[in-house]
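*Asks:* Give me the fold of what follows.
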Amino acid sequence: QVVKAGGPVWTVALSALLLREKVSARVALSLVPIMAGVGLATLKELSFAWAALLGAVVSDVAFALRNVLSKKSMGGGAATKTVPRVSPANLFGILTISATVVLVPLAAVAEWHKMGPAWHAATAVTPPTQLLAELVAAGAFFYAYSEVAMQALANVS
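*Replies:* Predicted coordinates:
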């Protein structure tokens, strides 16, 4: 989680690289405490796993890239013929549907053998109807949160 706190650094770097945005002195200075905090938090880390670090960095860069490219398709950056301008709500819908189509089959293949035992273990301590209601509520709340984040991204300059 500490590495993921460096997300703004990746976002600024990718915005400069892909959108050709100049990094103001204020923005650059705002990144210093982030980098210092991440450095301090990891300074005394005794159990260090390279695979975990790589996974966190890849996740962080992918999230920053999603934000930068989303901003570009909502009108940020230079106009291109290949990237149409879409509303934040439509863009979020496109991203959600695309991710679902790609990731649900992959998750099913990779985790199919674990789904049954996990469901039985969960329903042993929580009634199935309550568990389903909580899963649906968690999904709805996360969707709403992500929708609001995409709307906010459209308003960030």
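*Asks:* where does the residue in the chain sticking out farthest from the centre land on pLDDT?
*Replies:* Ranking residues of the chain by C-alpha distance from their mean position (C-alpha atoms, centre = their mean) puts residue 124 at the top, at 32.1 Å. If you check residue 124, the pLDDT there is 95.
*Asks:* now swap in residue 30 and tell me
*Replies:* pLDDT, residue 30: 89.
*Asks:* Quick check: which element contains it?
*Replies:* Taking DSSP states H and E as the definition, one finds residue 30 inside helix 25-43.
*Asks:* Return the set of buried residues in that helix.
*Replies:* Neighbour-count burial for helix 25-43, with 16 or more other C-beta atoms under 10 Å as criterion, is recorded at 31, 38. Heads up, the C-betas are built off the backbone N, CA and C, glycines and all.
*Asks:* gap between the two ends of stretch 12-30?
*Replies:* This stretch, stretch 12-30, spans 11 Å end to end (C-alpha to C-alpha, to the nearest Å).
*Asks:* okay, now residue 91: neighbour count?
*Replies:* Burial of residue 91 is recorded as 20 neighbouring residues (other C-beta atoms under 10 Å).
*Asks:* try residue 73
*Replies:* Residues near residue 73, counting by other C-beta under 10 Å: 19.
*Asks:* my guess is it contacts residue 92, does it?
*Replies:* No - contact criterion C-beta atoms under 8 Å: residue 73 and residue 92 do not qualify, at 11.0 Å.
*Asks:* next structured bit after the helix or strand residue 110 falls within?
*Replies:* In the assignment (DSSP H and E), residue 110 maps to helix 88-125. Per DSSP H and E, the first helix or strand lying C-terminal to helix 88-125 is helix 128-155.
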